[in-house]
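Visitor: build me a model:
(chains A and B)
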Amino acid sequence: MAATLPAFPPVGAESPKVTLVIGSGSVKCAAALGVYKALTDAGIGVERVVGCSAGAVFAALIAFGHTMDDARSKTVQLWTRELTGQRNTIGVLRALAPRLFGFKAAEFSLRDDRLLLQRLRAGFGDRRIEDAGMPLHLTATDFATGELVELASGSLVEGIRASLALPLAFAPQRVGERLLVDGYLSDPLPVSVAMKHGARVIVAVGFENPYQERVDSAGRFAFQLSAILANNLLRAKLAFHSAAHHSEMIIILPEFRQRVRLFDTSKLAYIIEEGEQAALQQLPYLHRLLAEGRQYAAA
Amino acid sequence: MRPPEAGAPRVALVIGAGALKCAAAYGVARVLQEQQVPIARIVGCSGGAFCAAWLAAGGGDAQAEAERFAAGWEGAFDEVDYRAVLGAVFPRWLGFKPTRGIVRDRAINAAIAAEFGDRRFEELTTPLQLVATDFETGEQIVIASGRLFDAIRASIALPLILPPWPQGGRLLVDGAVCDPLPVDVALREGADIIVAVGFESPLEQGFHSGMGLTRQLTALMVNHLLRAQYAFFNLAHHAETILVMPEFDRPVGLNDVHLVPWLVEQGARAAEREMPYLRRLLETPQRAAQMAVP
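Guide: Modelled structure (predicted):
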């Protein structure tokens, strides 16, 4: 397939490798493409990708070897305002009058996900997660128990849909026996998955949730609340994993001087550039870590 | 409550968020008082702020206080603010105000005022810190001065239920949103032994409204936040932390006031389980002090 030929310089089998973790952060997750470019340009390979929420989309694009141009155009096609513009009328009625219209948590959504599914299928077809060019893990949250769920096999579209099942907006996704919701609820930047699979060096690309400029609706109130919780969760988990020090971890939290809104795909080039610049700053340290690893392996 | 002796290890008591479940903290308090554990500092968050403030004011009959807590809580969340609900549904038409909640706060305010009146932090016998969250910036706000009423009301502003509490130019919400079990506050203030009373929220399986769904999602994230923060502070700091986490085999809703006596017993049992270890730490102050050196 011509579309999936890597445009990045080939990385030799003996070259140093890292595990890339892409956290939740809507369209800002595209910064991971810039990080990936900086790594491959520097001759550093990626041996495993973990993606959460919108990060799952970019983890899939990288793991299936899409070229930068292809990844960009797929993002622009997928990520438009219409995605969450499809009001699910029955869902809205159910929210307003649960007894009258019958409320089922397993099906509840304020937005219709048909367009989202249609676009994910157009982008990824009927590929399976286990068929990626490198191990790919998508994370979601078990709606019944709250646990983090790792998807490393099965339908790619279903996995991405589960990982970015933004609660209230989209209905939970049933995968096998479980009902899954957005991965950011249990861990906005799931480095634990990389550690569990024995990663020695982890490059984690994470994003703090922006706070609302105005809280003028109940929806915005709920989003503000979940943003505060998610940011605190992100910091607490990173603090723990840094202190526990099971793996070497390079954390990249790109800071966007320009405000990037939910559907700002027009800023895609800028977002990717910020990711690349943030990664370039970390390269000297990363090279040192990888060199230490080689000495360790030789000794 | 016994004041700490000079040179003895400093024990801090942290009572975390858990809405009505925080009634279990009175059971913990009963055991700590019976066993004459000296407490040098108390930190409270959300529902735990009630018990924390009562203990800091000198404590006393925990059983009777738990009953007062239950009485104040009874029906406190029954008065729905229909204007606020309509504003949430039709924000453009009626205007949505983040300063309102779906429940009117008259009853809970009256319960806090009945218990603490105009008392101030400065009058307390034991230093007290209460935790709230700045709704605009997400920052942790630690309150240790001023009227107890304002601090408790801010700390307990249950998200999406009670109205946030404006104070000092900020809009404050429940401390659980940034720090459900604020062990970090005790560490910052200096403590050799921390008794941390925390509560996880069991997830419900059947709920019947979008509101219930939102509450479930909030509970899910608060549980993760509690575990992640506790894991970090337990790992990174060298104060001895004793986690007292009462176990509940049934969901405890906001209106389950009839469960309070049972909650108190669960709290007392959880505290008794940890007493032998706490006793050992207290009786070997040198050891505790050594362990506290980073």
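
Visitor: make it CA atoms for all contacts and neighbour counts henceforth
Guide: Fine.

Visitor: excluding covalently adjacent residues, which one is nearest to A:Q77?
Guide: Distances taken as C-alpha to C-alpha, 6 or more residues apart in numbering or on different chains put A:R119 closest to A:Q77, at 7.6 Å, once the chain neighbours are dropped.

Visitor: what does chain B put close to chain A?
Guide: B:88-89, B:91, B:95-98, B:135-138, B:159-160, B:177-179, B:203-205, B:207-211, B:213-214, B:217-218, B:220-222, B:224-225, B:228-229, B:231-233, B:235-236 (C-alpha under 8 Å from any C-alpha of the partner chain).

Visitor: may I see the PyMOL selection of the buried members of these?
Guide: The PyMOL command for the buried members of these (criterion: 16 or more other C-alpha atoms under 10 Å in any protein chain shown) is given here:
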select buried, chain B and resi 88+89+91+95+96+97+98+135+136+138+159+160+177+178+179+203+204+208+209+210+211+213+214+217+218+220+221+222+224+225+228+229+231+232+233
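
Visitor: circling back to that earlier point, look at the residue nearest to A:Q77 and report its pLDDT.
Guide: Looking at A:R119, its pLDDT reads 91.

Visitor: return the set of buried residues in the strand or helix carrying it.
Guide: Counting by DSSP states H and E, the secondary-structure element that holds A:R119 is helix A:114-124. For helix A:114-124, the neighbour count (16+ other C-alpha under 10 Å) marks A:116-117, A:119-120, A:123-124 as buried.

Visitor: and B:I156, what does it touch?
Guide: B:I156 makes contacts with B:19, B:45-47, B:49, B:132, B:173-175, as judged by C-alpha atoms under 8 Å, 6 or more residues apart in numbering or on different chains.

Visitor: export stretch A:65-75 as PDB, just CAs?
Guide: Only the C-alpha atoms of stretch A:65-75 are listed here, as PDB (Å, rounded to 0.1, in the frame of the first residue of the first chain):
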ATOM      1  CA  GLY A  65       3.300   4.000   9.200                       C
ATOM      2  CA  HIS A  66       1.400   6.800   7.600                       C
ATOM      3  CA  THR A  67       3.400   9.500   6.000                       C
ATOM      4  CA  MET A  68       3.400  13.000   7.500                       C
ATOM      5  CA  ASP A  69       1.400  14.400   4.600                       C
ATOM      6  CA  ASP A  70      -1.100  11.500   4.800                       C
ATOM      7  CA  ALA A  71      -1.400  11.800   8.600                       C
ATOM      8  CA  ARG A  72      -2.100  15.500   8.200                       C
ATOM      9  CA  SER A  73      -4.800  15.100   5.500                       C
ATOM     10  CA  LYS A  74      -6.400  12.300   7.500                       C
ATOM     11  CA  THR A  75      -6.500  14.600  10.500                       C
END
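
Visitor: just the pLDDT for A:E292.
Guide: 79.

Visitor: tell me how many other residues surround it.
Guide: Neighbours of A:E292 under the rule other C-alpha atoms under 10 Å in any protein chain shown: 12.

Visitor: that one should be in a strand, yeah?
Guide: No: counting by DSSP: H, G, I helix; E, B strand; the rest coil, A:E292 is not part of a strand but helix.

Visitor: distance of it relative to A:P16?
Guide: 11 Å (C-alpha to C-alpha, to the nearest Å).

Visitor: enumerate every residue touching B:R269.
Guide: By C-alpha under 8 Å, 6+ apart, the neighbours of B:R269 are B:27-28, B:246.

Visitor: redo those as JSON lines? Include neighbour count.
Guide: What follows is these, written out as JSON lines (neighbours: other C-alpha atoms under 10 Å in any protein chain shown):
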{"residue": "B:G27", "neighbour count": "27"}
{"residue": "B:V28", "neighbour count": "27"}
{"residue": "B:P246", "neighbour count": "25"}
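
Visitor: which of these lies closest to A:K28?
Guide: B:P246 (40.9 Å; C-alpha to C-alpha).

Visitor: look at the closest one and report its pLDDT.
Guide: So, for B:P246, pLDDT stands at 91.

Visitor: now do A:F101
Guide: A:F101 is given a pLDDT of 62.

Visitor: same deal with B:M1?
Guide: 64.

Visitor: tell me the SS of A:V157?
Guide: helix.

Visitor: ok and the residue in chain A nearest chain B?
Guide: A:F240 (4.3 Å; C-alpha to the nearest C-alpha).

Visitor: for the strand ranked longest in chain B, name the packing helices and strands.
Guide: Assignment by DSSP state E gives strand B:128-134 as the longest strand of chain B. Judged by 3 or more C-alpha pairs under 8 Å, 6 or more residues apart in numbering or on different chains; DSSP states H and E, strand B:128-134 is in contact with strand B:41-45, helix B:48-56, strand B:140-143, helix B:148-155, strand B:170-174.

Visitor: angle of it against strand B:41-45?
Guide: 30 degrees (axes from the mean of the first three to the mean of the last three C-alpha atoms, to 10 degrees).

Visitor: quick one: mean pLDDT for strand B:128-134?
Guide: Mean predicted lDDT for strand B:128-134 stands at 97.

Visitor: ok and that strand relative to helix B:148-155, angle-wise?
Guide: Going by the same axes, to 10 degrees, strand B:128-134 makes 40 degrees with helix B:148-155.

Visitor: can you list contacts of strand B:128-134?
Guide: B:41-46, B:49, B:52-53, B:56, B:121, B:139-144, B:151-152, B:154-156, B:170-179, B:182, B:185.

Visitor: only the buried subset of those, as a ChimeraX command please.
Guide: In ChimeraX, this line selects whichever of the contacts of strand B:128-134 come out buried by 16+ other C-alpha under 10 Å:
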select /B:41,42,43,44,45,46,49,52,53,56,121,139,140,141,142,143,144,151,152,154,155,156,171,172,173,174,175,176,177,178,179,182,185
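
Visitor: re earlier: and the longest strand of chain B, which strands flank it?
Guide: Within its sheet, and counting by DSSP bridges, strand B:128-134 is paired with strand B:41-45 (parallel), strand B:140-143 (antiparallel), strand B:170-174 (antiparallel).

Visitor: now do the strands in the stretch 1-150 of chain A.
Guide: Along the stretch 1-150 of chain A, the stretches classed as strands by DSSP state E, counting those that start in this stretch are A:17-22, A:45-52, A:136-142, A:148-151.

Visitor: same for the second one, what does it pack against?
Guide: What that stands for is strand A:45-52. strand A:17-22, helix A:54-63, strand A:136-142, helix A:191-196.

Visitor: what about the strands in chain B?
Guide: Under DSSP E, chain B gives strands at B:11-15, B:41-45, B:128-134, B:140-143, B:165-167, B:170-174, B:193-197, B:240-244.

Visitor: using CSV, please lay out the ones you listed together with distance to A:K28.
Guide: Formatted as CSV, those follow (distance: least, C-alpha to C-alpha, whole Å):
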stretch, distance to A:K28
strand B:11-15, 38
strand B:41-45, 34
strand B:128-134, 25
strand B:140-143, 26
strand B:165-167, 33
strand B:170-174, 28
strand B:193-197, 38
strand B:240-244, 38
